[in-house]
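Peer 1: got a predicted structure plus its sequence, pasted below:
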Amino acid sequence: MNKHLKTIRDLESQINLSILGQGHVVERLLMVLLADGNLLLEGLPGLAKTRAINSLAKNLDAGLSRIQFTPDLLPSDITGTEVYQPESEETFIFQQGPIFNNLILADEINRAPAKVQSALLEAMQERQVTVAGTTHKLDPLFMVMATQNPIEQEGTYPLPEAQMDRFLMHVIVDYPDAASEMKVLDLVRGEEDAAPKPKSKKETISQNVIFEARKEINGVHVSDSIKKYIVDLVNATRFPEKYTEELELWIDYGASPRASIALDKCSRVNAWLNERDFVNPDDVRAVVHDIFRHRISQSYEANADGITKDKIIDELLKQVAVA
């Protein structure tokens with residue numbers, strides 16, 4: 001195991017110490033960070049979504065901004081705005097918003113209207129923000145982790161497809177198992193009983209580790225047969241009639257080319273995390289659900305019959321063969 005992979009695994013272990021029973025979420029959080037993407041987490045309240053990114057920020061030498069999305073939020077509350085200062089040589093000075101940080105927690109992103117959600121689009125895709133005609137670059141290490149609640153949909157604004165497509169992965173957060181929840185009780189009780197400690201600078205992991213790991217991941221080999229497998233999977237979502245009548249009935253529209261790019265990136269990350277310098281079909285299958293989940297649209301018939309997107313993706317994997 002090389003030193004950068006060992007450091008990433010140590011970081012994962014540190015986060016898992018405070019996020020019990022959500023190992024899949026922690027793994028996906030780190031995977032998206034290594035792939036230089038953005039993450040959408042969907043789950044009920046109280047499932048440690050916010051705690052996960054807080055723990056990442058504490059263990060990584062990175063800043064964190066938390067933005068609570070509400071119906072009265074304005075785009076300038078996220079990006080920043082030009083402030084009038086008559087006593088200055090420059091009459092207007094740009095005051096940065098919370099988007100100017102390394103890790104951005106967009107909490108309950110579907111609580112804000114579309115114009116506020118769209119304020120994140122340029123930042124998520126281009127790593128820059130344009131205000132009053134001036135473009136401001138964001139930090140090289142930048143990731144948005146947005147959360148949304150699958151219940152209480154009254155008064156919410158569903159994310160438009162164009163913005164959903166900007167998220168590298170859409171991860172469903174489920175309840176922890178009973179054994180993990182017992183440990184959660186002990187963890188919280190221990191935190192409450194612990195005597196306050198004097199503040200000391202905790203040793204954190206340098207951002208350079210992430211950048212060096214990304215360079216190694218870029219060098220992971222993807223064969224032509226794996227590339228064809230990725231493209232075939234994506235094309236199967238667009239032309240399901242070529243495979244089975246059920247898929248044709250279940251899928252309204254398929255995934256964009258961003259899905260192919262995301263599968264390529266995340267498959268390489270998965271291979272690197274498993275100490276391999278090449279991608280195999282299992283790497284693709286390991287990440288495909290979280291990449292396709294928000295990029296395919298299930299039909300009315302599928303909804304009526306209780307056919308979930310995960311079941312549709314399972315069927316795609318059965319029908320599409322490796323070249």
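Peer 2: Done, it's in.

Peer 1: phi, psi for the residue nearest to residue 220 when sequence neighbours are not counted please.
Peer 2: Nearest non-adjacent residue to residue 220, counting by CB to CB, 6 or more residues apart in numbering: residue 268, 4.1 Å away. Any C-beta I mention is one placed from the backbone N, CA and C, and that applies to glycine too. Residue 268 adopts backbone torsions of phi -70, psi -40, taken as degrees, to the nearest 10.

Peer 1: run a quick neighbour tally on residue 215.
Peer 2: Other residues lying near residue 215 total 9 when counted by other CB atoms under 10 Å.

Peer 1: which SS class is it?
Peer 2: Secondary structure state of residue 215, per DSSP: H, G, I helix; E, B strand; the rest coil, is helix.

Peer 1: mind checking how far it is from residue 102?
Peer 2: Per CB to CB, to the nearest Å, residue 215 is found 19 Å from residue 102.

Peer 1: how about low-confidence regions in the stretch 201-323 of the chain?
Peer 2: Applying pLDDT under 70 to the stretch 201-323 of the chain flags residues 201-202.

Peer 1: where in the stretch 51-200 of the chain is pLDDT low?
Peer 2: 88-90, 152-155, 194-200.

Peer 1: what ranges do the strands span in it?
Peer 2: For the stretch 51-200 of the chain, the strands defined by DSSP state E, counting those that start in this stretch cover 64-68, 80-84, 92-96, 103-107, 128-131, 134-137, 143-148, 169-172.

Peer 1: what angle sits between the second one and strand 92-96?
Peer 2: Going back to what we said before, that points to strand 80-84. 150 degrees (axes from the mean of the first three to the mean of the last three CA atoms, to 10 degrees).

Peer 1: who touches strand 80-84?
Peer 2: Strand 80-84 is contacted by residues 91-97, 99-100, 129, 131-132, 136 when judged by CB atoms under 8 Å, 6 or more residues apart in numbering.

Peer 1: which residues does the residue nearest to residue 220 contact?
Peer 2: By CB under 8 Å, 6+ apart, the contact set of residue 268 is 35, 217-218, 220, 222, 279, 283.

Peer 1: ok, which pair from the contacts of strand 80-84 is furthest apart?
Peer 2: Among the contacts of strand 80-84, the pair separated by the greatest distance (CB to CB) is 91 and 99, at 23.7 Å.

Peer 1: so those two - more neighbours on which side?
Peer 2: Using other CB under 10 Å as the criterion, residue 91 and residue 99 rank with residue 99 on top: 23 against 11.

Peer 1: helix/strand/coil for the closest residue to residue 292 other than its chain neighbours?
Peer 2: Nearest residue to residue 292 in three dimensions, chain neighbours excluded: residue 313, at 5.1 Å (CB to CB, 6+ apart). The assignment at residue 313 comes out as helix when based on three-state DSSP.
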